[in-house]
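Engineer: Have a look at this fold, sequence not included:
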Ligand SMILES: [Zn+2]
């Protein structure tokens, strides 16, 4: 019986057709070869009139599990959909990298999971401190090292017809990444799916154990915002499975172009490397490229030896303190960092100090929000080994009931 989903050959033909349809916007290339010598295709879709350093970078992949066919269909569908004129705005703000088949041999054989001649499961390809375990993994690693995506969505499928449009499985990050934000984004995606007529939601699951697949590696090493999604297979006709996935992906692309409450620049929630509203650590830099490098440096520093980051639970002497230790083992120090904290909405900010030295007035901003006064401080220097402290001194027009101990 004929497979209703695109076969490996269909995917290759469709990639070339998409690039031919929109020269200059969609570019096709081979990024490497599988263990059995099959081509791994990449479509780069973006508006060349806007420089790439002013865009965020999104990686969408499919075909990691060769028998989860909806993944490759959704990835291809996204590339084609983005060529429609109403989606041009996304291409002005983002570089979209589409790898519809990360595992060509598995896809050609309709086999689950394993790559590298069927020997290596996807979760064992990107082990820490080791080169990628497979040819497929090496090609993908080279691609992401060149671009450092801000967000990565690896589209799978519930093979065998399980129901649940786009269950969201999050790769673990080993620094405290804003879990509430992940849930917020997942909920937005669910609404978008329901609005498009596909209300089936799978379960939301956080991976608490490290996964050594590509999204896990990107999240750990680059602070990339990653999700593994499961599309419904064989419950709808294929066209509907694809539409259900696209509705969610297009919504998350919009989210990636919004300035969220705790952010300063539009981007995926990866702009918060650690922390949340009460105290956030954010990348430093003028454009997306600089901030991506900064995010990577901060993420690496955290991995190398920053056991915690946060705001002290009590503001003593009307001073909010954000602190983090940098251990001797740390080799990577970022050139700068941005800190953000929310204070009582009646607070008057007097000064911001880094290691006791007052920052220049141009180096911090504050603005009122419904939740409080947000203070954002740019520290244009590397943190030190040992304890690092940023202090925000303020006044409030009321007295405390008790002085904090
Ligand atoms: Zn899968």
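Structural biologist: The structure has been received and is ready for your questions. This structure is a prediction, so every number in the text was calculated from the model and none was measured.

Engineer: Only C-alpha atoms from now on, for both contacts and neighbour counts.
Structural biologist: Noted.

Engineer: Where is the longest strand in this protein?
Structural biologist: Longest strand of the chain, by residue count under DSSP state E: strand 386-395.

Engineer: looking only at pLDDT, what's the mean for that one?
Structural biologist: The average pLDDT for strand 386-395 rounds to 98.

Engineer: Contacts for stretch 313-326, please.
Structural biologist: If you take CA atoms under 8 Å, 6 or more residues apart in numbering as the criterion, stretch 313-326 is touched by 279, 305-312, 383-395, 404.

Engineer: And the residues you listed, which of them are buried?
Structural biologist: 279, 305-306, 309-311, 383, 385, 388-394 (16 or more other CA atoms under 10 Å).

Engineer: Roughly how far does the residue in the stretch 151-300 of the chain positioned nearest to the ion sit from residue 67?
Structural biologist: Minimum separation of the stretch 151-300 of the chain from the ion (CA to the ion) falls at residue 156, amounting to 4.5 Å. Distance, residue 156 to residue 67, by CA to CA, to the nearest Å: 9 Å.

Engineer: quick one, which of these two is more surrounded?
Structural biologist: Taking neighbours as other CA atoms under 10 Å, residue 156 and residue 67 compare with residue 156 leading, 29 against 21.

Engineer: Wait, the more buried one touches residue 233, no?
Structural biologist: No: the pair residue 156 / residue 233 is not scored as a contact, 9.8 Å apart, by CA atoms under 8 Å.

Engineer: Now list whatever residues contact both of these two.
Structural biologist: Common neighbours of residue 156 and residue 233, counting by CA under 8 Å, 6+ apart, are 68, 69, 70.

Engineer: Near residue 371, how many other residues are there?
Structural biologist: Neighbours around residue 371, by other CA under 10 Å: 12.

Engineer: Looking at it now. What's its pLDDT?
Structural biologist: According to the predicted model, the pLDDT of residue 371 comes to 87.

Engineer: if I pick it, what's in contact with it?
Structural biologist: So residue 371 contacts 342, 344, 345 (CA under 8 Å, 6+ apart).

Engineer: That one and residue 155, how far apart?
Structural biologist: Taking CA to CA, one finds residue 371 at 35 Å from residue 155.

Engineer: Ok, residue 131 next?
Structural biologist: For residue 131, the distance to residue 155 - CA to CA - is 24 Å.

Engineer: now swap in residue 182 and tell me
Structural biologist: 17 Å.

Engineer: Could you do residue 305 as well?
Structural biologist: 32 Å.

Engineer: cool, and residue 18?
Structural biologist: With distances taken as CA to CA, residue 18 is found 19 Å from residue 155.

Engineer: number of nearby residues for residue 358?
Structural biologist: Residue 358 is flanked by 14 other residues according to other CA under 10 Å.

Engineer: Spit out the contact partners of residue 384.
Structural biologist: By CA under 8 Å, 6+ apart, the contact set of residue 384 is residue 326.

Engineer: let's see it at 10 Å
Structural biologist: Contacts for residue 384 were tallied using CA atoms under 10 Å, 6 or more residues apart in numbering; they are 325, 326, 327, 328, 330, 333, 355.

Engineer: what about it, distance to residue 274?
Structural biologist: As judged by CA to CA, residue 384 and residue 274 stand 18 Å apart.

Engineer: where does the chain have low pLDDT?
Structural biologist: The chain contains residues with pLDDT under 70 at 1-3, 160-178, 202-203, 208, 261-262, 405.

Engineer: which strand residues sit across from the residue positioned nearest the centre of it in the sheet?
Structural biologist: Central residue of the chain (CA atoms, centre = their mean): residue 225, 1.6 Å from the mean position. Taking DSSP bridges as the rule, residue 225 bridges to residue 151.

Engineer: The buried ones among the contacts of stretch 313-326: which two are farthest apart?
Structural biologist: Greatest spatial distance in the buried ones among the contacts of stretch 313-326: 305 and 394, 31.2 Å, computed using CA to CA.

Engineer: so which strand or helix has residue 205?
Structural biologist: Using DSSP states H and E, residue 205 sits in strand 204-206.

Engineer: tell me how far that strand is from the chain's mean position?
Structural biologist: Taking CA atoms, centre = their mean, to the nearest Å, one finds strand 204-206 lying 16 Å from the centre of the chain it belongs to.

Engineer: now do stretch 111-123
Structural biologist: Taking CA atoms, centre = their mean, one finds stretch 111-123 lying 24 Å from the centre of the chain it belongs to.

Engineer: Near the residue of the stretch 1-150 of the chain found nearest the ion, how many other residues are there?
Structural biologist: Here the stretch 1-150 of the chain gets closest to the ion at one residue, residue 65, 4.9 Å apart by CA to the ion. By other CA under 10 Å, 27 other residues sit near residue 65.

Engineer: No further queries at this time; thank you.
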